[in-house]
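# next one to model:
(one chain, ligands or ions: 1)
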Amino acid sequence: MTVGAYQVRDPRTGEIERALRPPTSAELGDLVARLRAAQPRWTALTPERRATALLTWREEIDAARDELVAALTADTGRLTESVMEVDAVSGMLERWAAQAPALLAPPPPRQATIPGIEIRGDGVPYPLVGVISPWNFPLLLGLIDAIPALAAGCAVLIKPSEVTPRFIAPLMTTVARVPELAEVVAMVEGDGATGAAIVNLVDAVAFTGSVPTGRTVAAAAATAFIPAFLELGGKDPAIVLAGADLDRASSSILWGATTNAGQSCLSIERVYVEDSAYDEFLRMLVEKAERLRPAYPEPGDGQIGPVIDLAQAVVIERHLADALEKGAVVRCGGQVERLGGGRWCRPTVLTDVDHDMLVMTEETFGPIVPVMRVRDADHAVELANDSAYGLSAAVFAADTATAMAAADRLRVGAVSVNDSALTAFVHEGEKNSFNASGLGGSRMGPASLSRFLRRRSYLINETTRPDPWWH
Ligand code: NAD
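Reported below is the predicted structural model:
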């Protein structure tokens, strides 16, 4: 690892603030040893005691809300979503504290089909889980897997993105105030080199990030012979069918496409509208998109934050240029601007798009909403499924039955019906990623916790059985 190789940039001003401070190999090794030494004490606590520690942590996070919001705003340049992240993590702690004890209770003993044999079971947590997370929701995605892993009895070593390291210090202050937890939670700065080192030091890895890095992590995890839970990119479609409430659909899709300036895995990145609804939907969408403003000059102004990572601005520009060259028409927005040294992109509605364009096939990760006219529901489903990704989708129709008939045919892990991007808030429905959007157990719902346990059965024979060889 090269100390200080990565330069931390302010997304609002473009200024370089400082060099990243990753641990040395020796420091990382010591940290891992400390976490491993403490984990047996943590896992020996009852699930209820661990839940109580998580609730105490929640109180500390709530008390440090202002510091955390300020640090996340410095990391990402946006304010509204920073507030949302802190509140979401507080809610996650409350939910897992409430649900984990029942989920961790051993199943009742049962008789095997072979007479006289009783089966009992329990779960054995992976001692140390590595969490590697991206820059788009630094706090939320740093903790979304860490919290259920902790509830399950694991220790966690978290490495957020090098792009957004400022929230680590205030967050770790909250952890330090919960002594039992402080022994089993560590968060380090670092770039890909630190991430790669962590994969070789842990017993399971929960990775959130891009498809190319996910593939690298999967290969490294296979070599290390540990499970990898991969939550990767998306190109979520929204389908709007005839008879849908277009006011609702246009507002919801615009929010799903532009919140966090489109920098969400579950952003709506392409829209298919049935012919008879197309003109009115487009009119409403453009009218609403034009009302959104950059959150500039102050983070509390406007709605759309900056492009967080400079490299992403280049991707957005490339996708826009490709679309325009191939005949797309800009209905509003349409370019990456420089404001105060940062990069900003206004909500951009594109029409006359098709699947030969990058903007319809590759993850853009910006507030770009390409809209395509389709003949009917079959056509919409066919195009929605024409993707390398399969994270989630949205369907709007005149009634739930019609929407469900389309939703049922989508090859994605979650479908918001008469709404969009609901998986941002509703974490209780189990879902697997389809295609390149991920691999491994569901991050949502009860299965999220069981990913961090190995199931063990005890097969108990209390009968006096004859000698199995000579009876
Ligand atoms: P990225 O893949 O560039 O980086 C993600 C993390 O991996 C970072 O912490 C990085 O330092 C680390 N990393 C890089 N190389 C590594 C290596 N060889 N070994 C181990 N770790 C390594 O992703 P990003 O640009 O930070 O985030 C944006 C991507 O994340 C988008 O594709 C987005 O869709 C995806 N994402 C997915 C979800 C989801 O839940 N499916 C959620 C949010 C973001």
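
# quick check: beta-bridge partners of Gly438?
Beta-bridge partners recorded for Gly438 (DSSP bridges): Glu231.

# in contact with the spatially most central residue of the chain, which residues?
Geometric centre of the chain, nearest residue: Leu141, 5.4 Å, by C-alpha atoms, centre = their mean. By C-beta atoms under 8 Å, 6 or more residues apart in numbering, the residues touching Leu141 are 133-134, 160, 208. In this view, the C-beta of every residue, glycine as well, is placed from N, C-alpha and C.

# ok, now with 7 Å
133-134, 208 (C-beta atoms under 7 Å, 6 or more residues apart in numbering).

# how close does it sit to the ligand?
Leu141 sits 5 Å away from the ligand, taking C-beta to the nearest ligand atom, to the nearest Å as the criterion.

# with adjacent residues omitted, what lies nearest to that residue?
Ser133 (4.3 Å; C-beta to C-beta, 6 or more residues apart in numbering).

# Thr208 is in contact with that neighbour, correct?
Yes. Shown here, Ser133 and Thr208 form a contact pair, counting by C-beta atoms under 7 Å, at 5.0 Å.

# and the pLDDT at whichever residue of the stretch 101-250 of the chain sits closest to the ligand?
Residue of the stretch 101-250 of the chain nearest the ligand, by C-beta to the nearest ligand atom: Gly195 (2.3 Å). pLDDT, Gly195: 98.

# so what's it up against?
So Gly195 contacts 132, 159 (C-beta under 7 Å, 6+ apart).

# swap in 8 Å and give it another go.
So Gly195 contacts 132, 159, 217 (C-beta under 8 Å, 6+ apart).

# the first one contacts Val217, doesn't it?
Yes. With contact defined as C-beta atoms under 8 Å, Ile132 reaches Val217; the gap is 6.9 Å.

# what do these two both touch?
195, 199, 205, 207, 209.

# burial of the nearest residue to the last one once chain neighbours are set aside, as a residue count?
Leaving aside its sequence neighbours, Gly209 sits nearest to Pro134 (C-beta to C-beta, 6+ apart; 4.7 Å). Here the neighbour count serves as a burial measure; for Pro134 (other C-beta atoms under 10 Å) it reads 25.

# what's the answer for Phe452, then?
27.

# ok so, going back, report the secondary structure state of the residue nearest to the centre of the chain.
helix (DSSP: H, G, I helix; E, B strand; the rest coil).

# distance of it from Thr164?
Using C-beta to C-beta, to the nearest Å, we find Leu141 at a distance of 10 Å from Thr164.

# for the closest residue to Thr173 other than its chain neighbours, list the residues it contacts.
In space, and not counting its chain neighbours, Thr173 is closest to Ala64: 6.7 Å by C-beta to C-beta, 6+ apart. Residues in contact with Ala64, defined by C-beta under 8 Å, 6+ apart, are 170, 173-174.

# shaky segments in the protein?
1-4, 471 (pLDDT under 70).

# okay, now the domains of it?
7-232+433-457, 236-424 (automatic domain parsing).

# burial count for Ala26?
Ala26 - counted by other C-beta under 10 Å - has 8 other residues nearby.

# need the next SSE after the strand or helix carrying it, C-terminal direction.
Here Ala26, judged by DSSP states H and E, is contained in helix 25-44. Towards the C-terminus, the helix or strand next in line after helix 25-44, according to DSSP H and E, is helix 47-63.

# buried stuff in that next one?
Residues 47, 50-51, 53-54, 56-58, 60-61 are the ones in helix 47-63 that count as buried (16 or more other C-beta atoms under 10 Å).

# and of those, the nearest to the ligand?
Checking these one by one against the ligand (C-beta to the nearest ligand atom), the nearest turns out to be Ile61, at 20.4 Å.

# next, count neighbours for the nearest residue to Arg331 once chain neighbours are set aside.
Distances taken as C-beta to C-beta, 6+ apart place Val349 nearest to Arg331, at 4.1 Å, with adjacent residues excluded. For Val349, the count of nearby residues is 24 (other C-beta under 10 Å).

# dump stretch 381-388 to PDB, keeping only the CA atoms.
The C-alpha coordinates for stretch 381-388 follow below in PDB (Å, rounded to 0.1, in the frame of the first residue of the first chain):
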ATOM      1  CA  VAL A 381     -41.100  -5.600 -20.800                       C
ATOM      2  CA  GLU A 382     -39.000  -6.800 -23.700                       C
ATOM      3  CA  LEU A 383     -36.900  -3.600 -23.700                       C
ATOM      4  CA  ALA A 384     -36.700  -3.400 -19.900                       C
ATOM      5  CA  ASN A 385     -35.300  -7.000 -19.900                       C
ATOM      6  CA  ASP A 386     -32.800  -6.100 -22.600                       C
ATOM      7  CA  SER A 387     -30.100  -5.300 -20.100                       C
ATOM      8  CA  ALA A 388     -26.800  -6.600 -18.600                       C
END
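
# give me the contacts around it.
Stretch 381-388 is contacted from outside by 235, 237, 239, 270, 272, 355, 361, 372, 374, 393, 406, 409-411, 435-436, using C-beta under 8 Å, 6+ apart.
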